[in-house]
Structures are given as C-alpha cells and as structure tokens.
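Student: Sequence and predicted structure below; questions after.
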Amino acid sequence: MSLQFLKPACVCFVMLAIGLPFAAQAQHGGHELEKDLCILHIGPYRMYFNSYQPKTTYDKQFCQDLPATGHTVVVLDYLEHELRSLPLEVRIIRDTGSEQDLQAVTVLHMPAKVYPSGSVDIAYNFDKPGKFVGLVTVGDQQQHVGRFPFSVGESGTISHFMHYIMVMAPLAAIAAVAATFFFFRGRRKSSEITVS
C-alpha cells in the first residue's frame, strides 16, 4: 500500500471526526441538545429539561419526541440560581400554528409560582398523539418566554439518532469516495513509476 494514499485518507477521516460534534448538535425552537441534555433558553436564563414516560419507557429521557401517548413527566432544572426567586408559569398547548387564543389550545396550565428548589415537575396524561409546544414564562411581569416544541406518539417523527444518521451518512460517503479516489490515484502513480 502506498504511503501517498495514507496521507489524504487520514485527512478525510480527521475531517469526518471533526464534523461529528457539529453534526450532533441541534437547535430547535429555543432549545438545544447538548451532550444528551436539552437546554431551554428563556431570555437571559437557561434550564435543563427532560421528558419521561415511566409507565412505558421507564427511566429513558426524551427531548422533543415522545414515542407514545400516556403518562408523561417533564422536568425543568434551573441553571441560574437567580431563577429560584422569580415566578415561573408553564403552559402546554397543541401546536395548531396559531397562538391567538391560548385558552382554546391549552392542554395544561400551571400558574406563575416561585420554585425555590430550582426544579419543576410537570405531569400530564397525553391521551392523543400530536404536536405540542411547551411555553415557559419567567419574571415578575412575565417578560421572558421560552418555547419547546415536541411531538407525542407520532410514528413518523425522526428521532435524534435518525437525524444524526441522516447527517453522518453523507459525510461518511464523501470520506469513503475521497479515500477511494486517493487510493487509486496513488496506485496509478506507483505503477507508472514501476513501468518507467
């Protein structure tokens, strides 16, 4: 095997490895996935949030896409200590594309309240599949609003793993094509040297 082939192939695989962390990060509707933790941005504040469906998936955590309907627990954990003294309101609405009449699309409402523990548990029984939006409002005048869209029990939903595969497959294919090109190019040059 030619050493000329190894250098370009190594470069291709290094580029692929560098692309992995960037492909794994995703940001959707004011929240992001960071090392398996979902972060909700609410103005200058941030919260970790995770969803659980203990009766069907035990302790498995979800960010955006809940696999089934049924009993669901969403946990919000404050990242800034300052949030512990501010009132927080939570509303889960059906994602109809319009928020003109919040009351009409609201499925769960938790009035503004101070959570000195820095953690909020939201429990709800989703009886129908669909798309929803969580609205988290913070502040004395409710000046900061964070949103996290999610789906419940929709089989057509693309999971984070599938999204990762969809991003990585083309990158892996490009690296394989480049490596093959440089391999055959290196073999052709070595055979030309041998002939002459």
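Tutor: Received, thanks. Numbers count the residues shown, from 1 in each chain.
Student: what's the neighbour count on residue 44?
Tutor: 9 (other C-beta atoms under 10 Å). Every C-beta, even on glycine, is put in place using the N, C-alpha and C of the backbone.
Student: any idea how far it is from residue 70?
Tutor: Using C-beta to C-beta, to the nearest Å, residue 44 is found at 35 Å from residue 70.
Student: Please apply the same query to residue 171.
Tutor: Counting by C-beta to C-beta, the gap from residue 171 to residue 70 is 37 Å.
Student: Doesn't residue 174 belong to a strand?
Tutor: No: the assignment for residue 174, made by DSSP: H, G, I helix; E, B strand; the rest coil, is helix rather than a strand.
Student: Tell me which stretches of this protein form strands.
Tutor: Counting by DSSP state E, the chain has strands at residues 26-28, 31-34, 37-42, 45-52, 61-62, 65-66, 70-78, 87-94, 106-114, 119-126, 130-138, 144-152.
Student: and of those, who's closest to residue 178?
Tutor: strand 26-28 (25.9 Å; C-beta to C-beta).
Student: domains of the protein?
Tutor: 3-21+161-195, 36-155 (automatic domain parsing).
Student: what's the most buried one of the ones you listed?
Tutor: domain 36-155 (a mean of 16; mean count of other C-beta atoms under 10 Å).
Student: mean confidence score for that one?
Tutor: The average pLDDT for domain 36-155 rounds to 91.
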